[in-house]
Structures are given as structure tokens and as C-alpha cells.
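Visitor: Mind folding the following:
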Amino acid sequence: MMRGILMGFAVALSLGPTGARGLPAAAPACQGEERADVVSGLSRHGDLQLSSGALVRLPGIRLPDEASLRESALAWLRERIGQPVIVRALGDSDRWARVPAAIALTRGGDPPSDLSQGLVAAGLALTEPGGATPFCQPQLLALEKAARERGLGLWAGDRYKPVDALEIERLREKTGTFVLVEGRVRSVGERQQQTYLNFGGTWTEDFTIIIPKKVWASMAEAGLTAKALKGSRIRARGILEDWQGTALTVSTPETIELITDEGPRY
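Guide: Numbering: from 1, shown residues only. From the prediction side, this is the model:
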């Protein structure tokens, strides 16, 4: 996907130290070349136009669907037009010629200020791991948690707050939308091609998380096995499906957080 002026970018996202300011320390899969650019415009979808001619989307986040909240996020991004940035691409351009990339403002001697982190920390965007783009900013989940606990931005209302996995009717009403769901795993069904996390006793009506074989293998490597998950309370996120009740299909391990007494484990 990377063509033209961004051809030389490596598949990566991280730019600097971990934290709310700057991009995270680079994991091996997230290392790559940094390039300077300037934000020159913003599309109605929230994609950033750069002076180099590139059109960039911010990976790992999702702007709210609600019109007023979405406009607040877009207004926040418009305020960055004309400012110098450091850009690190994460993959090839999509069919709309958008390059997934991390973008951080550079102001004098201050540390770079990452735009994705800024949006999430202000409660103007949700964290959305998944898809073909690597998730190289796991601290977005912690920033989102802090904004949610403070009731900032989109977290001031109930629309985006986590739904209990046992609230069957409420989940059905949210089918087709991006949701956060929290609940205790009642049983784990491991099959050849995918694994099912069940949250109720009636599988044709209750909420289920569907985990493809490859993702399940990655989770097991991180210690999130059937034994560890059964009886545990977790938070999952994604587009809610109408499937024998309701379900989320996991595309990357980071879409599931194991909630412990010490806080979520990502």
C-alpha cells in the first residue's frame, strides 16, 4: 500500500518513549523510518492530508458515530492543521489511497505529541485494535480507561460505555455497532478452526466471543489459555454481530482485556 512519497516507510508505528506524550517504544514489529511532514488538511472521515501529498488514517482508534461527538473529534484534529509532524507508516495504502500511520506533533524541544493518544486521552475516540494493521500502541487502552473513568468526551453518556454480557436485550439493540462488552467467561469451547468464549447457559441466546485459530494461538502464547479465561472477567470490543444471540469475532488478541484486581491485563 505504500506508494509515492511514502514508499520508503517500513511497516511500523512507534516513534518515541511510552506515555501519553510521544509514541511508544518500538517493538520489533513496529520499528521503522520516521519522516517529517506538515498537516495540510482533514477529510470529513478524519483522515489527515499532509503537505507531501499523502493521505493518512490514524490506526488503532475509532471516531465516535454520534454526529456531535464526531464533530468534536474532527474539530480537535482541524486545530492541528498547519503544524509540523513526525510520521511513521504502518502498512500499504488502502483502496482509498490512505496510508495507516502514526502522527506526532513536533513543537520545539518538547517530546512529540501523538495524535491518536491525544484523541483517546481526551475522550474523543475509542481504541480499536484489529484489522490488517499491527496494533503498536497498547497504551491507548490505558488512556481510554482513564478517560472513561473520568467521564470525558464520549464517556460522559451511556452510548459507548461497556455493556454487561448478560444484558441480552441491550446487546441485541446494539447489533451492528462498535461496542465494549464486559462479563465473566462461563465456559470455553475449543474447536479445530475457532474457539468460543461463552457467557451464559443458553448458547442460542447469550453473548459469545468467537476467536479464530490463529488469534487463539497468539493468546495462548501470552498466557490467555482456556484454563486462564474460564471464570475470569474480561472486556472485549468490536462490531457486535447477530449470531445465535450476539457475538464478537476477535481479529487480534488486544481486543480482549483480562480484568484482574490489579486492573486490566492486555
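
Visitor: Spit out the contact partners of residue 227.
Guide: By Cβ atoms under 8 Å, 6 or more residues apart in numbering, residue 227 lies in contact with nothing. C-beta coordinates here come from the backbone N, C-alpha and C atoms, glycine included.

Visitor: Let me fix that, I meant to ask about residue 199.
Guide: Shown in contact with residue 199 (Cβ under 8 Å, 6+ apart): 165-166, 183-186, 206-209.

Visitor: Any idea how many residues pack against residue 189?
Guide: For residue 189, the neighbour count with other Cβ atoms under 10 Å is 12.

Visitor: hmm, I was thinking of residue 234
Guide: By other Cβ under 10 Å, 21 other residues sit near residue 234.

Visitor: Any idea what it is bridged to?
Guide: residue 183, residue 258 (DSSP bridges).

Visitor: Wait, it touches residue 256, no?
Guide: Yes. Counting by Cβ atoms under 8 Å, residue 234 touches residue 256, with 5.6 Å between them.

Visitor: Pick the one among the contacts of residue 199 closest to residue 54.
Guide: Residue 54 has its nearest neighbour among these in residue 209, at 36.1 Å by Cβ to Cβ.

Visitor: How about the closest one, nearest residue that isn't a chain neighbour?
Guide: residue 197 (4.0 Å; Cβ to Cβ, 6 or more residues apart in numbering).

Visitor: Does that neighbour fall in a helix, a strand, or a coil region?
Guide: At residue 197, secondary structure determined by DSSP: H, G, I helix; E, B strand; the rest coil is strand.

Visitor: How many residues are close by it?
Guide: Neighbour count for residue 197, taken as other Cβ under 10 Å: 26.

Visitor: Residue 233 too?
Guide: 15.

Visitor: Can you pull out the low-pLDDT segments for the stretch 151-266 of the chain?
Guide: Scanning the stretch 151-266 of the chain for pLDDT under 70 picks out 261-266.

Visitor: I figured residue 38 hits residue 82, correct?
Guide: Yes. Using Cβ under 8 Å, residue 38 is in contact with residue 82, at 7.0 Å.

Visitor: I appreciate the help and will end here.
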